[in-house]
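Enquirer: Build me a model:
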Amino acid sequence: MCQSLKEALLLTAASLPDIADDELDLSNNRSIFFTAAGVIYGRVCPEMSYSEGDDPAVVVMNKMYQYAADRSDAASHKDCLFLKDVSIVSGGECIDYPFMYLFLDSVIGTSIGDYKTY
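Expert: Residues are numbered from 1 along each chain as shown. Below you'll find the model as predicted:
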């Protein structure tokens with residue numbers, strides 16, 4: 001159970017790009033998070049896991065998450081999303097990262113779509 005409407009909306013919106021059925025396919029979209037620092041686009045990974053052949057940095061990030069998770073309250077684990085294929089747009093510039101942790105308390109709003117320059 002989520003502790004607030006904001007948390008519930010953010011976690012629900014984060015999973016929307018994974019929806020694909022006969023009538024609705026959002027798989028070409030990424031989750032969008034609006035923060036004071038800029039707009040963050042990424043694909044939310046529901047589990048902090050890795051597989052053979054993943055980028056070694058992803059393996060390190062996963063181990064870091066597991067280490068922190070073992071030392072924190074389980075209820076607080078929903079406060080963070082693991083994103084892959086991340087673009088951060090700020091001040092007209094776009095920076096791409098292979099992954100990042102996004103802490104929900106820094107999010108002002110959310111949507112789905114993809115980064116486009118007009």
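Enquirer: Now for residue 12, how many residues are close by?
Expert: When counting by other Cβ atoms under 10 Å, one arrives at 11 neighbours for residue 12. For the C-beta atoms, the positions are set from N, CA and C on the backbone; glycine is no exception.
Enquirer: Can you mark which positions in the helix or strand it falls within are buried?
Expert: Per DSSP states H and E: residue 12 is located in helix 5-15. Buried residues in helix 5-15, counting neighbours by 16 or more other Cβ atoms under 10 Å, are found at 7, 10, 11, 13, 14.
Enquirer: What residues of the top helix by length along the chain count as buried?
Expert: Ranked by residue count under DSSP state H, the longest helix found in the chain is helix 56-70. For helix 56-70, burial by neighbour count (16+ other Cβ under 10 Å) applies to 58, 61, 62, 65.
Enquirer: same question, stretch 88-98
Expert: residue 88.
Enquirer: just how off-centre is that stretch within its chain?
Expert: 15 Å (Cα atoms, centre = their mean, to the nearest Å).
Enquirer: Residues touching it, excluding its own?
Expert: The contact list for stretch 88-98 (Cβ atoms under 8 Å, 6 or more residues apart in numbering) reads 37-41, 55, 57-58, 84-87, 115.
Enquirer: among those residues, which one has the lowest pLDDT?
Expert: Within the contacts of stretch 88-98, pLDDT reaches its minimum at residue 115, with 69.
Enquirer: where exactly do the strands run in the chain?
Expert: 30-35, 38-45, 80-90, 93-103, 107-113 (DSSP state E).
Enquirer: mind giving me TSV with those and columns for distance to residue 74?
Expert: Formatted as TSV, the strands of the chain follow (distance: least, Cβ to Cβ, whole Å):
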stretch	distance to residue 74
strand 30-35	23
strand 38-45	18
strand 80-90	12
strand 93-103	17
strand 107-113	21
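Enquirer: and of these, who's closest to residue 1?
Expert: Closest to residue 1 of these, according to Cβ to Cβ: strand 80-90, at 17.4 Å.
Enquirer: quick one: contacts for the nearest residue to residue 44 once chain neighbours are set aside?
Expert: Take residue 44 and drop its neighbours on the chain: the residue closest to it by Cβ to Cβ, 6 or more residues apart in numbering is residue 14, 4.2 Å away. The neighbours of residue 14, taking Cβ under 8 Å, 6+ apart as the test, are 31, 44, 81, 110.
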